[in-house]
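Visitor: I need the structure of the sequence given here:
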Amino acid sequence: MSAKPPILIIEPFFGGSHKQLIDTLVECLNLADYEIFSLPAKKWHWRARTSALYFSQLIPPEHEYKVLITSSVLNLAELIGVRPDLVTCRKIVYFHENQLVYPVREVKERDCQYGLNEILTCLAADIVLFNSNFNRMSFLDNVQPFLSIQPDFKLKHIRERIEKKCEVLYFPIKFHAFPNKRHIMDTTEVNTEPDCLHLIWPHRWEHDKNPKLLVEVLMELIKRQVDFRVTICGESYQAIPEAFEGIQEKLGAKLINFGQLTREKYIKTLLTGDIVISTAGHEFYGVAMLEATYCGCYPIAPNKLVYPEIYPKENLYNTSNSLIKMLYNWCRNPQIFRRHRDKFFDYFTFERYSAQHLVPKYLEKMRISV
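Guide: Below you'll find the predicted structure:
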């Protein structure tokens, strides 16, 4: 009889960065060492509500699991409650985002149950990993205020119980799977880059990424009569955002890509890019920004959220007007911009975000040697 796998991986939302993380980790494991239970990346709210019950029925009762690793979408406390045989596992939870500060269009839209699920999950876990210090601190700082919503008694000392389990472990990006524009150009004698700058916005088409601000900025650049090209790509789970309605007609030939791209075309597009832009109102890490930066794009992001943790001050803007001014000046002076971009890449380092550097640290948390 073959040995049962010691590692149980559970992902209720198996798509995007959640899938990317698991794929990256299991590449370094033997097939016999792990078992994955997952659900497709859709109906997020129902995954958060019912996946624990679903997986409790799916995971075999006879097992030899020593490690359980999951994302914060799963209510770990519920799973352990109905499957007490899993309590002896080393339980590791990864926070790609947190619901205590996740933006909603209106306060009345916030369902407190999701945040409570995450707090209970942390209490049930042995190790709680966050993809950035911003994610960790925004969660911890809001635990007690969030619990204070409860009207008729006070829940005390919950933060202290959770905090000692918390660590930051950056999301591992497989930079080695991407070509590097600077390396390519180093082997090319003639710089064939066009005078017109190529702007890239590679984010999910949802309100928390603030597509409205992007459109306002692009329209202002057109009004100021500067030349540029733009790619608007990224995953779209629902209808096109209202801000993007009619944008193809307004931008005309300036818009060279619109919509989700194949992986091959996405990488080729990044290599032709000059500037990657974030307009996010919500970001706990920003895989797409780092991927684009590695491919040679100069990053411009808001001076808030996770971005000051990753990028230098000169790459950050405080207001929409400062973003417009920055892009306007660069688009007017492409050659000056490219010299500035070259200086940025002389000192910006990617190692601390790379899979090669980080995956061994994840395996260490699972007590697996490489």
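Visitor: what ranges do the strands span in the chain?
Guide: Ranges of strands in the chain, per DSSP state E, are 7-14, 34-40, 67-71, 90-95, 127-130, 166-168, 197-202, 228-233, 255-258, 275-277, 298-302, 316-317.
Visitor: Of all the helices and strands in this structure, which has the lowest average confidence?
Guide: Within the chain, no helix or strand scores below helix 181-186, which has a mean of 58 by mean pLDDT, DSSP states H and E.
Visitor: Run a quick neighbour tally on Glu351.
Guide: Residues near Glu351, counting by other CB atoms under 10 Å, number 9. Yep, even glycine has a C-beta here, placed from its N, CA and C like the rest.
Visitor: Next up, the contacts around it.
Guide: His357 (CB atoms under 8 Å, 6 or more residues apart in numbering).
Visitor: And it, what's its pLDDT?
Guide: Looking at Glu351, its pLDDT stands at 96.
Visitor: And it, how close does it get to Gly16?
Guide: 24 Å (CB to CB, to the nearest Å).
Visitor: again, but for Arg367
Guide: For Arg367, the distance to Gly16 - CB to CB - is 28 Å.
Visitor: of these two, who's got more company?
Guide: More crowded of Arg367 and Gly16, by other CB under 10 Å: Gly16, with 14 against 10.
Visitor: Tell me who's in contact with Glu283.
Guide: Ala301, Leu305, Val306, Tyr307.
Visitor: go with 7 Å
Guide: Leu305, Val306, Tyr307 (CB atoms under 7 Å, 6 or more residues apart in numbering).
Visitor: now the last one, nearest residue through space, not along the chain?
Guide: This points to Tyr307. In space, and not counting its chain neighbours, Tyr307 is closest to Ala301: 4.1 Å by CB to CB, 6 or more residues apart in numbering.
Visitor: Now do the contacts for the one you found.
Guide: Ser278, Met289, Tyr307, Tyr311, Asn315, Leu316.
Visitor: Out of those residues, give me the one that has the most neighbours.
Guide: Compared across the contacts of Ala301, Ser278 has the highest neighbour count, 28 neighbours, by other CB under 10 Å.
Visitor: rewinding a little: and the contacts of Glu283, which of them are in helices?
Guide: Tyr307 (DSSP state H).
Visitor: Nearest to Ile162, out of the contacts of Glu283: which one, please.
Guide: The shortest approach to Ile162 among those belongs to Val306, at 20.1 Å (CB to CB).
Visitor: Could you check how far the residue lying closest to that closest one once chain neighbours are set aside is from Gln144?
Guide: Using CB to CB, 6+ apart and skipping residues adjacent in sequence, the residue nearest Val306 is Phe134, 4.2 Å away. To Gln144, Phe134 is 18 Å away according to CB to CB.
Visitor: the more surrounded of the two?
Guide: Phe134 (21 against 15).
Visitor: For Ile200, list each beta-bridge partner.
Guide: Thr231, Val276 (DSSP bridges).
Visitor: So what's the residue count around it?
Guide: By other CB under 10 Å, neighbour count at Ile200 equals 27.
Visitor: what does Val226 give?
Guide: Val226 has 17 nearby residues by other CB under 10 Å.
Visitor: where does this protein have low pLDDT?
Guide: 1-2, 103-110, 181-193, 237-238, 368-370 (pLDDT under 70).
Visitor: can you do 50?
Guide: 1, 107-109, 187-191, 370 (pLDDT under 50).
Visitor: list the contacts for the residue nearest to Leu213 when sequence neighbours are not counted?
Guide: If you skip the residues right next to it in sequence, Leu213 has Thr279 as its closest partner in space, 4.1 Å away by CB to CB, 6+ apart. Thr279 sits next to Lys209, Asn210, Leu213, Leu214 when contact means CB under 7 Å, 6+ apart.
Visitor: Helices - which of these land there?
Guide: Using DSSP H, the contacts of Thr279 in helices are Leu213, Leu214.
Visitor: The contacts of Glu283 into JSON lines, with extra columns for distance to Glu160?
Guide: Output for the contacts of Glu283, formatted as JSON lines (distance: CB to CB, whole Å):
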{"residue": "Leu305", "distance to Glu160": "26"}
{"residue": "Val306", "distance to Glu160": "25"}
{"residue": "Tyr307", "distance to Glu160": "29"}
